[in-house]
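A.B. asks: Generate coordinates for the sequence data below:
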Amino acid sequence: MPGGDDAKEQIRTRADLVEIVREHVRLRQVGGQFTGLCPFHTEKTPSFRVTPQTQTWHCFGCDRGGDIFTFVELIEKIDFRGALEMLAERTGVELVKEAPGTRERSQLRKRILELNRLAAQYYEYVLHSTEVGRPGLEILAKRGVSPETARRFQLGFAPPGGQSLQQFLSSRKHSLPDADQAGLVRRGRDFFKNRLIIPIRDERGQTVAFVGRDATGTDDRKYVNSPDTPAFSKSRVLFALDLAKEEIGRRGHAVLVEGQFDVIVAHQFGVANAIATSGTALTEEQVKLLKRFTEEVILAFDGDPAGKAAAYRAIETCSAAGLRTRVASLGEAKDPDEFLRAGGDWSLAAAAAPPEWEFWIRETIAGLNPTRPRDLQVGLEKVYGVLLKIAEPAVREAYRVKAAEWLGIDQRLMRRNGHPAPAQPGGLEPARPGKKLSVGQHILSVIAVRPEALDRVESSALPDDFNEEDRRTFGLMRQTLQAGGLDALRDRLGSFGEQEQDLIRRAWASPPPRTDDEFVAELTWRLRLESLQTRLGDVRRRLGEAEQRGDRDQVALLEMEDRRLAREVQAFKTRKDRERS
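C.D. replies: Take a look at the predicted model:
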């Protein structure tokens, strides 16, 4: 079984680039080359060339080019590993697995995907072709979902009783232990019972999980989701991306909504670039996936406080990854479903959707009367908090000026003791007047507003990496947060020292501009590097003192320690440089 470069060479030998390109582009042979309209940008005159002799392609219009792997990556919107696996399957090249455990997990994943495919077909058959599926059809009728839309999303129905799917899978000679691993069976009974079934597919169209909506009206759990499996992680999948990706490319942006039914209805009403998360807030992994397909997303979340909070979180997550966002207003409608059914014009809503920071600033000052000193003070504090989240200095300055305009005040009044100051390199929070925050204090500020970062910090840094003051604060915060989370931190803050209280309260009042995992990793790297450099400096100071005393034994020991720490510092920097490259 070939692996690595051997597998790539075998695929290059067996695959025909012209044949693969022809599945997406109408090619015409001109001499020894083939030419056609580029699939990666809009053009009227063919500038896309394929050269069979070298098995390469190039577009003279958009200046993209490469080999068979880069073409598949771009056309299918997948990473290199995905292209490798797709071409290996097509050409019959078997990829080597790294270890028995990895191989077994990969094989289990394939079996789960096959079980999910069969289960989706079964549920769909029950919905459309049996009397048992009538409750599911009634739900769809009430929601105005057409039969064509139901088929497009492969909606189905799980019968009551708890044995039907098991019997179906057993009749097809499939393993029930595998069905348990797939989340289709639990403790000898069907996991989904008496529920409308919504299949969850990955960007390649493979069914990886399901969502079941209660059809009885009596279950407290209106929606039940498949658990995470070797084939499914809810933090990495975007619902309907397989159906929406072409329209996303055509329109130049995605529309992100909160629920699966919002997506289904949106597609029915022509918003075919709509997608949703699968039971989670938008994650970094989902944003990275989405960036393969577009550079912009319009958020269309519910208009209640929870929906707005979700929009704020999504803006931060997208901004950290360099994905532009806009936020659509749905008027008086509670969600996109209601907006579209009430005759709302999505094209107008999308065109009017303001950029993320304009939305956030306007929302924070909505309802305030700047002519009242107290309201103006509140408005300024809120605006400062948003401005600090904007990493690019030029963009932040532009919104500072616009915020003054929206508040109806002179833009010079938008500065408070020079605040907000330019962002520090790497997204660190600007130093507050009269006091520069240490890297350790930046980390503590992030933990104060995002306690989940604590695990990330502990896995990458040691308590001793903090200086003495920050180490004491870190220990208090860790003990308190582990005991009861943010509620405990709020309750016990009064027992902390004055400096600790001040640091945490400042973080709450003006959160750090970034709190994502990538930023935390950067901070902990800096903290670790500073700790190593401090130790190296201490050794060199002691070495100088030993040399002055003429203490040869101590000099020999300290020289060894100096070389060891110097190598460790250099290796630490080199690893980071490799990661960045």
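A.B. asks: low-confidence ranges in the protein?
C.D. replies: For the chain, applying pLDDT under 70 flags the ranges 1-6, 53, 96-103, 279, 415-436, 509-510, 576-581.
A.B. asks: can you list the domains in it?
C.D. replies: Split into domains by automatic domain parsing, the chain comes to 5-91, 100-232, 241-352, 362-423, 435-581.
A.B. asks: Give me whichever of those is most buried.
C.D. replies: domain 241-352 (a mean of 19; mean count of other Cβ atoms under 10 Å). From N, CA and C alone the C-beta is placed, and that goes for glycine too.
A.B. asks: in what helix or strand does Phe261 lie?
C.D. replies: Assigned by DSSP states H and E, Phe261 belongs to helix 260-268.
A.B. asks: packing partners for that helix?
C.D. replies: helix 147-152, strand 254-257, strand 274-276, helix 336-341 (3 or more Cβ pairs under 8 Å, 6 or more residues apart in numbering; DSSP states H and E).
A.B. asks: And the contacts of the last one?
C.D. replies: With Cβ atoms under 8 Å, 6 or more residues apart in numbering as the contact definition, helix 336-341 has outside contacts at 143-144, 257, 259, 261-262, 265-266, 269, 271, 274, 300, 330-331, 333, 346, 349.
A.B. asks: Output that helix in PDB with nothing but the alpha carbons.
C.D. replies: What follows is helix 336-341 as a C-alpha-only set of coordinates in PDB (Å, rounded to 0.1, in the frame of the first residue of the first chain):
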ATOM      1  CA  PRO A 336     -35.700  34.000   8.600                       C
ATOM      2  CA  ASP A 337     -38.400  31.400   8.300                       C
ATOM      3  CA  GLU A 338     -41.100  33.900   9.400                       C
ATOM      4  CA  PHE A 339     -39.500  36.700   7.300                       C
ATOM      5  CA  LEU A 340     -39.700  34.700   4.100                       C
ATOM      6  CA  ARG A 341     -43.200  33.400   4.700                       C
END
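A.B. asks: from memory Pro451 sits against Leu481, does it?
C.D. replies: Yes. Using Cβ atoms under 8 Å, Pro451 is in contact with Leu481, at 4.9 Å.
A.B. asks: can you give me the strands in the stretch 301-450 of the chain?
C.D. replies: 324-327 (DSSP state E, counting those that start in this stretch).
A.B. asks: Not counting sequence-adjacent ones, nearest residue to Thr283?
C.D. replies: Ser235 (4.3 Å; Cβ to Cβ, 6 or more residues apart in numbering).
A.B. asks: same check, this time on Glu85
C.D. replies: Leu95 (6.8 Å).
A.B. asks: didn't the one you found look like it was pressed against Leu84?
C.D. replies: Yes. Assessed by Cβ under 8 Å, Leu95 is found in contact with Leu84 at 7.0 Å.
A.B. asks: Please enumerate the shared neighbours of those two.
C.D. replies: Both Leu95 and Leu84 are in contact with Ala7, where contact means Cβ under 8 Å, 6+ apart.
A.B. asks: and stretch 106-114, how far out from the chain's middle?
C.D. replies: 24 Å (Cα atoms, centre = their mean, to the nearest Å).
A.B. asks: Using CSV, list the CA coordinates for that stretch.
C.D. replies: This file holds the C-alpha atoms of stretch 106-114, laid out as CSV (Å, rounded to 0.1, in the frame of the first residue of the first chain):
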residue,chain,number,x,y,z
SER,A,106,-10.9,4.9,9.1
GLN,A,107,-12.6,1.6,8.3
LEU,A,108,-15.2,2.2,11.0
ARG,A,109,-15.9,5.7,9.6
LYS,A,110,-16.5,4.2,6.1
ARG,A,111,-19.0,1.6,7.6
ILE,A,112,-20.8,4.4,9.5
LEU,A,113,-21.1,6.5,6.4
GLU,A,114,-22.6,3.5,4.6
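A.B. asks: Mutual contacts of Pro451 and Leu481, please.
C.D. replies: With contacts defined as Cβ under 8 Å, 6+ apart, the residues shared by Pro451 and Leu481 are Leu489.
A.B. asks: Next, work out how far apart the residue nearest to Thr283 and Lys44 are.
C.D. replies: From Ser235 across to Lys44, the span is 42 Å (Cβ to Cβ, to the nearest Å).
A.B. asks: try Gln570
C.D. replies: 55 Å.
A.B. asks: which stretches of the stretch 401-550 of the chain form helices?
C.D. replies: Along the stretch 401-550 of the chain, counting by DSSP state H, counting those that start in this stretch, helices occupy 439-449, 453-460, 468-492, 498-509, 517-549.
A.B. asks: From the contact counts, what lies against the first one?
C.D. replies: Yep, that's helix 439-449 we're talking about. Applying 3+ Cβ pairs under 8 Å, 6+ apart, one finds that helix 439-449 contacts helix 453-460, helix 468-492, helix 498-509, helix 517-549.
A.B. asks: Of all these, which one comes closest to Lys288?
C.D. replies: helix 517-549 (10.2 Å; Cβ to Cβ).
A.B. asks: Can you identify the element that follows that closest one toward the C-terminus?
C.D. replies: helix 552-580.
A.B. asks: roughly how far out does that next one sit from the chain middle?
C.D. replies: Put simply, helix 552-580 sits 37 Å off its chain's centre (Cα atoms, centre = their mean).
A.B. asks: Next, the angle from that helix to helix 517-549.
C.D. replies: Interaxial angle, helix 552-580 versus helix 517-549 (axes from the mean of the first three to the mean of the last three Cα atoms, to 10 degrees): 160 degrees.
A.B. asks: Does Arg105 lie in a helix or a strand, and which?
C.D. replies: Using DSSP H and E, Arg105 falls in helix 100-129.
A.B. asks: which helices and strands does that helix pack with?
C.D. replies: Helix 100-129 packs on helix 134-142, helix 147-152, strand 156-158, helix 164-171, helix 176-181, strand 195-201, strand 207-214, going by 3+ Cβ pairs under 8 Å, 6+ apart.
A.B. asks: orientation of it relative to helix 164-171 in degrees?
C.D. replies: 120 degrees.
A.B. asks: when you give positions from now on, start the count at 492
C.D. replies: In the new count, where the first residue is 492, that last one comes out as helix 591-620.
A.B. asks: was I right about Pro626 contacting Phe648?
C.D. replies: Yes. Contact criterion Cβ under 8 Å: Pro626 and Phe648 qualify, at 7.2 Å.
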